[in-house]
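Participant: Have a look; sequence and predicted model below, questions after that.
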Amino acid sequence: MTPAPDEDDLGTMQPQVFIGVERFGFWGGMSGVPAEEHARFYRLAGRSADEVFPVRFAAENGLVLGHCFAEVDGFYKTPDLRRVEVER
């Protein structure tokens, strides 16, 4: 993740998780994260959306400056830059 100047700014932080050698991001910008990627994530995690989310993450104190703690409720997109939608 990238430290953000504002708390809960997932668009800047863009948290990611690794399952084995596979990397998954939760921020999909305007187009979102494809449904196939959601399915692959759940399959490799061996869990359903309700078993995975919310995901809480944080950087260890002293490693970075800025906000490095947030909660992820699913896969995010900003279809019109005025609102954020969460998909599972």
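Facilitator: Nice, I can see it. Residues are numbered from 1 along each chain as shown.

Participant: OK, contacts around the most centrally placed residue in the chain?
Facilitator: What sits nearest the mean C-alpha location of the chain, by Cα atoms, centre = their mean, is residue 26, with 2.9 Å. Neighbouring residues of residue 26 by Cβ atoms under 8 Å, 6 or more residues apart in numbering: 10, 14, 15, 16, 17, 33, 55, 72, 74, 75, 76. (Each C-beta comes from the backbone N, C-alpha and C, glycine too.)

Participant: now those: which count as buried?
Facilitator: Using 16 or more other Cβ atoms under 10 Å as the burial test, those include 10, 14, 15, 17, 33, 72, 74, 75, 76 as buried.

Participant: could those be laid out in CSV, adding pLDDT?
Facilitator: Conversion of the buried ones among the contacts of residue 26 to CSV gives the following (pLDDT from 0 to 100):
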residue, pLDDT
10, 72
14, 81
15, 82
17, 90
33, 96
72, 91
74, 96
75, 96
76, 92
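
Participant: Residue 80: what secondary structure?
Facilitator: Assigned state for residue 80: coil (three-state reduction, DSSP: H, G, I helix; E, B strand; the rest coil).

Participant: do the same with residue 31
Facilitator: Relying on three-state DSSP, one would call residue 31 coil.

Participant: quick one on the thing from earlier: just the ones in helices from the contacts of residue 26, please.
Facilitator: Using DSSP state H, the subset of these located in helices is residue 10.

Participant: now the contacts of residue 26 as JSON lines including distance to residue 41?
Facilitator: As requested, the contacts of residue 26 are arranged in JSON lines below (distance: Cβ to Cβ, whole Å):
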{"residue": "10", "distance to residue 41": "16"}
{"residue": "14", "distance to residue 41": "15"}
{"residue": "15", "distance to residue 41": "13"}
{"residue": "16", "distance to residue 41": "11"}
{"residue": "17", "distance to residue 41": "8"}
{"residue": "33", "distance to residue 41": "9"}
{"residue": "55", "distance to residue 41": "11"}
{"residue": "72", "distance to residue 41": "12"}
{"residue": "74", "distance to residue 41": "11"}
{"residue": "75", "distance to residue 41": "8"}
{"residue": "76", "distance to residue 41": "14"}
